[in-house]
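Chemist: Just a sequence and a predicted model for now, questions to come.
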Amino acid sequence: MERNRLIAKAEIVFSMAVFGTISIFVRNIPLPSAELALYRAVIAAATLLVWQLLTRTMVRFQDIKKELPLLLLSGAAMGVNWILFFQAYKYTSVALATLSYYFAPVLVTVASPLLFQERLTGRQMFCFVMSTLGLVLVIGVSGGAGARGRGTRLGCSSALERRCSTRPWCSATRESAM
């Protein structure tokens, strides 16, 4: 049991290190964001294939045939997400692009009445106002102008696109909601 826990923690640390260092590659590789996203997807697919071959746990087409349209749509949405996020890195600082990306839950909360037909509570509205005020204070009052503002908008767009494209389609979310 303890060994499994250590392995799980190591996997989380590894995945966070990979995600945390992506900005170094994006900012230092002189390629368009769309091309970087394509290469990232190809490398990820190759890595998953090698992993499946090593562990002998192949995904069978019959198992995913029913969900294939949603899987393809999800893959396309993830590609758009990466392109927007990588563009944010090119226009603003890594810190600001990442902060705007993690602003996604706030954006989804305020959009939830339209997207999910949920009511906002007073507490949620207060949290939205305070989070937005915090983001404005970090980027500055004139943060909407120039490359810095464009990078922030791209980061927020990436965040919102990611949240909106995965939540409604996730079968685990649909099953737990029922």
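Modeler: That came through fine. Owing to the predicted nature of the structure, the values given are computational and were not obtained by experimental measurement.
Chemist: How far does the lengthiest helix in the chain sit from its chain's centre?
Modeler: Taking DSSP state H as the criterion, the chain has its longest helix at helix 2-28. Put simply, helix 2-28 sits 15 Å off its chain's centre (Cα atoms, centre = their mean, to the nearest Å).
Chemist: Could you do stretch 36-43 as well?
Modeler: For stretch 36-43 - counting by Cα atoms, centre = their mean - the centre lies 15 Å from the chain centre.
Chemist: buried residues in it?
Modeler: Buried residues in stretch 36-43, counting neighbours by 16 or more other Cβ atoms under 10 Å, are found at 36-37, 40. In short, each C-beta sits where N, CA and C put it, glycine included.
Chemist: For the helix or strand containing residue 73, name the packing helices and strands.
Modeler: If you go by DSSP states H and E, residue 73 is part of helix 68-91. Judged by 3 or more Cβ pairs under 8 Å, 6 or more residues apart in numbering; DSSP states H and E, helix 68-91 is in contact with helix 2-28, helix 33-55, helix 94-101, helix 146-166.
Chemist: Next, the angle helix 94-101 makes with whatever helix or strand comes next after the third one.
Modeler: Think helix 94-101. Sequence-wise, the next helix or strand beyond helix 94-101 is helix 104-115, with elements assigned using DSSP H and E. If you take axes from the mean of the first three to the mean of the last three Cα atoms, to 10 degrees, helix 104-115 sits at 30 degrees to helix 94-101.
Chemist: Now do the SS call for residue 135.
Modeler: State at residue 135, reduced to three classes by DSSP: H, G, I helix; E, B strand; the rest coil: helix.
Chemist: thought it was touching residue 101?
Modeler: No - assessed by Cβ atoms under 8 Å, residue 135 is found out of contact with residue 101, at 11.4 Å.
Chemist: okay, these two: which has more neighbours?
Modeler: For residue 135 and residue 101, the more surrounded residue by other Cβ atoms under 10 Å is residue 101, and the numbers stand at 22 against 18.
Chemist: still on that earlier bit, to residue 74, which of the helices and strands packed on helix 68-91 lies closest?
Modeler: Go through the helices and strands packed on helix 68-91 one by one with Cβ to Cβ and the one that ends up closest to residue 74 is helix 146-166, at 6.8 Å.
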